[in-house]
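>>> Can you look at this prediction? I've put the sequence above it.
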Amino acid sequence: MTIKEYVKIRKEEIRDIVSKMARPPFLVIVQINEDAGSTAYVNGKLKDALELGVKAELIKLPIDTSESEVLKVIDQLNNDKKVDGFIVQMPLPKQIDENKIKLAIAPHKDVDGFHPLSKLSPCTPKGIMNFLHHEKFPILSKNAVVLGRSNIVGKPMARLLLQDSANVTVLHSKTSREDKEFYIAHADIIVVAIGKKGFLDNSFHYKSDAIIMDVGITRDETGLHGDAVANLPVKFQSPVPGGVGLLTRLALFENLLEIVGDNYGI
Ligand code: GUN
């Protein structure tokens with residue numbers, strides 16, 4: 001099944017669950033950047049919320065907002081009983097310490113699962129795992145390669161694949177080209193999240209039954225591009241756009257429903 005087909009089915013299920021709730025869940029998105037990618041994501045999330053019957057509100061703060069002002073907004077959201085959950089869109093401007101923000105969000109409202117005490121997983125890795133499970137792509141004892149070691153994607157992705165007993169290798173900017181070629185050639189599952197247009201191309205060898213999940217999204221004058229060139233000789237490759245971004249947005253609402261369920265003892 002394509003990612004678009006999968007997302008359509010899951011959205012119908014979520015809309016059904018939301019429609020049976022006493023009141024719609026309330027999600028707040030805080031954005032403190034002018035990043036084009038983030039804005040596209042935020043607009044996508046707001047559109048999804050409308051479609052799913054979830055109440056959503058965007059709080060847009062100027063790019064020069066101080067850290068203490070952001071912490072004040074977070075404190076208000078933590079204590080606002082009407083708000084079920086919220087996210088602070090990354091990346092943050094330089095004057096704001098990402099770790100301080102992550103620790104300030106109350107775990108019971110942390111839709112991103114960024115807080116160390118959260119039992120939820122960040123949305124992109126969670127969305128990818130949900131899709132792999134749905135498609136019954138084998139994970140146990142398979143060779144999984146994660147390219148990129150960010151806190152939002154690479155690290156939690158490796159953790160989730162390991163939880164499902166894959167043999168996980170994380171490659172990054174300090175990995176030699178030769179080693180990248182070796183691990184990629186032996187990989188059954190490749191998750192690429194490095195933000196380099198077309199990095200995975202035909203100069204690498206792939207297993208013909210490999211699965212590539214492309215998290216990268218680079219915008220240039222010719223449009224949106226993933227970290228992999230299209231049509232690599234593998235069993236499945238997620239497209240960009242219309243791939244992992246949709247899974248991430250879906251996982252956000254799955255996390256929100258988990259939070260609402262827990263907080264209300266459902
Ligand atoms: N920026 C890119 N992906 C994400 C995400 O999953 N959550 C937040 N808060 N910001 C992001």
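Sure thing, it's come through. Numbering: from 1, shown residues only.
>>> How about the residue in the chain positioned nearest to the ligand: what's its closest non-neighbour residue?
Using CB to the nearest ligand atom, the point where the chain gets nearest to the ligand is residue 90, with a distance of 3.6 Å. Where you see a C-beta, it was placed from the backbone N, CA and C, and this is true even at glycine. Across the structure, with CB to CB, 6 or more residues apart in numbering as the measure, the residue nearest residue 90 apart from its sequence neighbours is residue 152 (6.2 Å).
>>> Identify the residues contacting that neighbour.
90, 114, 122, 124 (CB atoms under 8 Å, 6 or more residues apart in numbering).
>>> excluding its backbone neighbours, what's nearest the third one?
Right, the one you point to is residue 122. Leaving out its chain neighbours, residue 122 is closest to residue 156 (CB to CB, 6+ apart), at 4.8 Å.
>>> Could you report the distance from that neighbour to residue 229?
Spatial separation of residue 156 from residue 229 under the definition CB to CB, to the nearest Å is 26 Å.
>>> The two: which has the busier surroundings?
residue 156 (21 against 16; other CB atoms under 10 Å).
>>> pretty sure that one contacts residue 125?
Yes: contact criterion CB atoms under 8 Å: residue 156 and residue 125 qualify, at 4.4 Å.
>>> mind listing what the most centrally placed residue in the chain touches?
For the chain, the residue sitting closest to the mean C-alpha position, by CA atoms, centre = their mean, is residue 124 at 1.9 Å. Counting by CB under 8 Å, 6+ apart, residue 124 touches 152, 153, 157, 193, 215, 244, 247, 248, 251.
>>> burial measure for residue 214, as a count.
26.
>>> Pull up the per-residue confidence for residue 219.
Per-residue confidence at residue 219 stands at 88 (pLDDT).
>>> pretty sure it contacts residue 37?
Yes: under the contact definition of CB under 8 Å, residue 219 touches residue 37, with a separation of 6.7 Å.
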